[in-house]
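1. based on what follows, work out the 3D shape:
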Amino acid sequence: MANIPAKDVMALRAKTGVGMMECKKALVEADGNFDEAVKLLREKGLQVADKKAARVAAEGVVDIAQADGVTAMVEVNAETDFVANNATFREFVKQILATIIKNKPADVAALLATKLDGSEHTVEEEVKDKIFTIGENISVRRFVIVEGVTGTYIHGGGSAGVVAKFETTNGIENKPEFVEYAKNICMQIAAMNPTYVCKCCVPQSFLDSEKDILMNQIQNDEKLKNKPAAVIEKMVTGRLEKFYDNNCLNEQQYVREEDMKVKQYTESVAKALGGEIKISDFVKYERGEGIEKREDDFAGEIEKLVKG
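-> Predicted coordinates:
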């Protein structure tokens, strides 16, 4: 058995992030060869990652980065919030964002096959390394790339993120007041969760379906079904307007001004800055959204153990 100096173990730990005991075992197995030990740890990491891949990762972080007119938002999941708040995990997410902005991959599969920014290995290989060193399943779930004038907002340290895209004139996007406005719009989206930017964005097929549902509701209501057709039509229109108010960003009440809609807020800022502003699109990510989390019934498990 090779005599492994403590400094070599510490150096291997510093390079790989793996625990001291695992580093020493790898150096012993590699007969003291540092590079071979690194290789062994990476191979072991791949095996561990494959075993942990089936475990639910619904925590994690949503993060955003901007560079050279490109904005990227990514969701990277882990199993616990403890890992999500880990500095190593957070820095890894920043590297992934830099990789997205630099390479503009088409989808997650392409991103995973891309070399991680600042690394000789692909994103997928680095993910598996992190699974081994951190000890939890980690998954790059989704990302979006938006080019042009944008506003961004991260809520709750990464529990949700919003990117909104704007069309502007006269260079007003460079003014501090616009930057503040754009952030306010993103906060509105995070708080009020609209589905569409404006009325014209709602698909006609959806509106037709909603009208049919509302008409059927009225026809099944004994107090309403015998009202004149013009009155019923007005009722349907009113209910659709309420739908717009709740689901279209421009039609929503602006959360910071009770007597103002978002579209009025946009108009007032554009006028004050001497240009035009149009909200053209937005994307919102909520961490773990749609992922079915495992519910552990510890009391039930203990009861089963007690009963044998």
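2. bridging residues for Val162?
-> Note on Val162: beta-bridge partners by DSSP bridges are Tyr153, Lys284.
3. what's around it, how many residues?
-> 26 (other C-beta atoms under 10 Å). In short, each C-beta sits where N, CA and C put it, glycine included.
4. so who does it touch?
-> 152-153, 155, 186-187, 189-190, 282-285 (C-beta atoms under 8 Å, 6 or more residues apart in numbering).
5. which one of the residues you listed is nearest Pro5?
-> Nearest to Pro5, judged by C-beta to C-beta, of the contacts of Val162 is Tyr285 at 46.8 Å.
6. if I pick that closest one, what's in contact with it?
-> Counting by C-beta under 8 Å, 6+ apart, Tyr285 makes contact with 62, 73, 75, 142, 144, 160-162.
7. cutoff 10 Å now
-> For Tyr285, the contact set (C-beta atoms under 10 Å, 6 or more residues apart in numbering) comprises 62-64, 73-75, 141-144, 154, 158-163.
8. from the residues you listed, which land in strands?
-> If you go by DSSP state E, the contacts of Tyr285 have 62-64, 73-75, 141-144, 154, 160-163 in strands.
9. so where do the strands sit in the protein?
-> 61-67, 70-77, 139-147, 149-155, 160-168, 277-286.
10. pick the most deeply packed of the ones you listed.
-> Comparing the strands of the chain by mean neighbour count (mean count of other C-beta atoms under 10 Å), strand 70-77 ranks first with a mean of 23.
11. how far off centre is that one?
-> Its chain's average C-alpha position is 6 Å from that of strand 70-77, according to C-alpha atoms, centre = their mean, to the nearest Å.
12. and if you look at stretch 256-264?
-> Mean-position distance between stretch 256-264 and its chain equals 27 Å (C-alpha atoms, centre = their mean).
13. same deal with stretch 220-229?
-> Computed by C-alpha atoms, centre = their mean, the chain-centroid distance of stretch 220-229 equals 46 Å.
14. for that stretch, which positions count as buried?
-> Using 16 or more other C-beta atoms under 10 Å as the test for burial, stretch 220-229 gives no buried residues.
15. what does stretch 239-257 give?
-> Quick answer for stretch 239-257 (16+ other C-beta under 10 Å): 240, 243-244, 247-254.
16. still on that earlier bit, out of the ones in strands among the contacts of Tyr285, flag the one nearest to Phe132.
-> Nearest to Phe132 among the ones in strands among the contacts of Tyr285, with distances taken as C-beta to C-beta, is Arg141, at 19.7 Å.
17. show me what contacts that closest one?
-> Going by C-beta under 10 Å, 6+ apart, Arg141 touches 57-58, 60, 62, 74-77, 108, 285, 287-291.
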